[in-house]
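[1] I'll drop the sequence and a predicted model, then ask my questions.
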Amino acid sequence: MVDPTRGVLYPARLPEFHRLPAPVEAAELVAWFWIPEWDIDPGRSSRQEIVAYPALNLVVDAETVTLSGASTRASHRDLRGNGWAVGALLRPAAVAALSDDPSSLVDGERVLVTASVAALRDAVVEAMATGDGHRERAVAVFSRWLAERVGQVDAPARQANALMDVLMGDDAALTPEEAATRLAVSVRTLQRMTHRHVGLSPAAMIRRRRLQEAAQRVRDEPGLDLASIAAELGYADHAHLTRDFRAVLGIAPRAYRTVAGD
């Protein structure tokens, strides 16, 4: 599992936050589970800013179950009072059971309202209220529900998971052409697969992963110059990295390094 703060722009501002691996029964369906818990003083708020992974998330809180689409921009959420959420970063094999058109959810979300989903929410709420080990119990009931919802994972779904690994995993491809070669498919087939399972193009997914990793390295490796980061992540040059930062995050890399390090 990647660094738990990747995608989070200002980790020092986080409330209690955990990333848990998927249990065996959900390993082909969920990259990891993420659980924030917060208790903010009355009259105050905590703004959490993220550059989300290019994937769908199924999120349970005390009141709703929400399916969130892949995002193309930075986003934020202002936390107030006390609360929690249990989110599953979905692997492509899980998507078809929850949405037949992921592209319609890009930069958006949909509240799911069915008897089955209500049962999931109630089970997670009960698990989160049970003291020590509550996060692990919540993940366990979430995983069982998702495994039952998806059913048997077939060969095309596993190929879609391999696609995500090639585009987003360790030693990820730097271009759609490289990804297609690794998967032994055409670039056009690759495009159809990402559209069907994520709703974004392969190039958009690569850009998001690069920006996530760039932000993490700019923040966490203050001694590393920006030109080296740009070169290692496949940017054409330092200026290209800066343009990406400004376009998505609204801030230049040097300024972000200063602010994030405070």
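    Sure thing, it's come through.

[2] Surely Val8 is in contact with Ala52?
    No: at 9.7 Å, Val8 does not count as touching Ala52 under the criterion of CB atoms under 8 Å. C-beta coordinates here come from the backbone N, C-alpha and C atoms, glycine included.

[3] which of these two has more neighbours?
    Val8 (23 against 20; other CB atoms under 10 Å).

[4] Quick check: beta-bridge partners of that one?
    Ile50 (DSSP bridges).

[5] That one: what's it in contact with?
    14, 17, 48-50 (CB atoms under 8 Å, 6 or more residues apart in numbering).

[6] Show me the helices in the protein, by range?
    92-95, 115-128, 134-150, 155-168, 176-183, 187-197, 202-220, 226-232, 238-249, 253-260 (DSSP state H).

[7] hey, C-alpha coordinates of the longest one in CSV?
    These are the backbone C-alpha positions of helix 202-220, laid out as CSV (Å, rounded to 0.1, in the frame of the first residue of the first chain):
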residue,chain,number,x,y,z
PRO,A,202,-5.4,6.8,-19.3
ALA,A,203,-3.5,10.1,-19.8
ALA,A,204,-5.7,11.8,-17.2
MET,A,205,-5.0,9.0,-14.7
ILE,A,206,-1.3,9.2,-15.3
ARG,A,207,-1.4,13.0,-14.9
ARG,A,208,-3.2,12.6,-11.5
ARG,A,209,-0.8,10.0,-10.2
ARG,A,210,2.2,12.1,-11.2
LEU,A,211,0.8,15.2,-9.5
GLN,A,212,0.0,13.2,-6.3
GLU,A,213,3.6,11.9,-6.2
ALA,A,214,5.1,15.2,-7.1
ALA,A,215,3.1,16.9,-4.3
GLN,A,216,4.2,14.3,-1.8
ARG,A,217,7.9,14.6,-2.8
VAL,A,218,7.9,18.4,-2.9
ARG,A,219,6.5,18.4,0.6
ASP,A,220,8.4,15.5,2.2
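
[8] May I have the residues that are in contact with the residue lying closest to Ile206 once chain neighbours are set aside?
    Nearest non-adjacent residue to Ile206, counting by CB to CB, 6 or more residues apart in numbering: Leu167, 6.2 Å away. When contacts are counted by CB under 8 Å, 6+ apart, Leu167 touches 173, 179, 194, 202, 205-206, 209.

[9] Ala55 versus Leu167, what's the distance?
    Distance from Leu167 to Ala55, counting by CB to CB, to the nearest Å: 10 Å.

[10] ok now do the residue lying closest to Ala227 once chain neighbours are set aside, which residues does it touch?
    Using CB to CB, 6+ apart and skipping residues adjacent in sequence, the residue nearest Ala227 is His238, 4.5 Å away. Applying CB under 8 Å, 6+ apart, we find His238 in contact with 226-227, 230.

[11] Count the residues that sit near Leu233.
    Neighbour number of Leu233 under other CB under 10 Å is 20.

[12] whoops, Val51 was the one
    22.

[13] what's the pLDDT at it?
    pLDDT for Val51: 78.
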